[in-house]
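In: Provide a 3D model corresponding to the input given below.
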Amino acid sequence: MEREHITFEECASNEAFYSPSRDRVVVPMKQQYKHINEYYSTTFHELTHSTGHKNRLDRLHTGADAAFGSETYSKEELVAEIGSASFMNLLGIETVRTFRNSAAYIQSWLKVLKSDNKFIVSASSKAEKAVNYIVSEQHRSG
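Out: From the prediction side, this is the model:
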């Protein structure tokens, strides 16, 4: 993370987010989670968002276009959640609970997009690029 210049913080709050302007990921502290796998699911979701930064995969939009509930926002949420689910599976730490939570979250954003079935393919492709980016960067720094 240091090499990427991303700030990663665990805070005693219930908020998890990625701030593109500050290139900062914030997640609740591990101790706040009843199930540790949910901490990792949340963290991978936010880290997937971070790959959209202009200095990485340049996927994120700003301003009104990216406002909460907009089509752009909804699509990015799908990308981040698919990325998170991919990491959980890749690392072998996916549980029935995290799988169900991800599936429900993905379904909720698909409803916002009026079940645009074509976008799920695009979101999956973008999520795969994000996962590959993080994995390849980890290998370079390791």
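
In: so where's the protein uncertain?
Out: Under the criterion pLDDT under 70, the flagged ranges of the chain are 1-3, 62-66, 69, 115-116, 138-142.

In: all helices in it, in order from the N-terminus.
Out: 36-50, 71-90, 96-112, 117-141 (DSSP state H).

In: And the second one, what does it pack against?
Out: Read that as helix 71-90. Here helix 71-90 touches helix 36-50, helix 96-112, helix 117-141, going by 3 or more C-beta pairs under 8 Å, 6 or more residues apart in numbering; DSSP states H and E. Quick note: C-beta positions are derived from backbone N, CA and C, even for glycine.

In: could I get those as CSV with distance to Val79 and mean neighbour count?
Out: CSV is the format used below for the helices and strands packed on helix 71-90 (distance: least, C-beta to C-beta, whole Å; neighbours: other C-beta atoms under 10 Å):
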stretch, distance to Val79, mean neighbour count
helix 36-50, 7, 21
helix 96-112, 10, 15
helix 117-141, 5, 15
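
In: now these as TSV including distance to Leu90?
Out: Compiled in TSV, those are given as follows (distance: least, C-beta to C-beta, whole Å):
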stretch	distance to Leu90
helix 36-50	10
helix 96-112	13
helix 117-141	7
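
In: Go through the ones you listed and name the closest to Asn14.
Out: Among the helices and strands packed on helix 71-90, the nearest to Asn14 by C-beta to C-beta is helix 36-50 (10.5 Å).

In: now that closest one against helix 96-112, angle please.
Out: 40 degrees (axes from the mean of the first three to the mean of the last three C-alpha atoms, to 10 degrees).

In: mind listing what Phe119 touches?
Out: By C-beta atoms under 8 Å, 6 or more residues apart in numbering, the contact list for Phe119 reads Lys75, Leu78, Leu110, Leu113.

In: any idea which of the residues you listed is the one closest to Glu137?
Out: Closest to Glu137 out of those is Leu78 (22.3 Å), distances taken as C-beta to C-beta.
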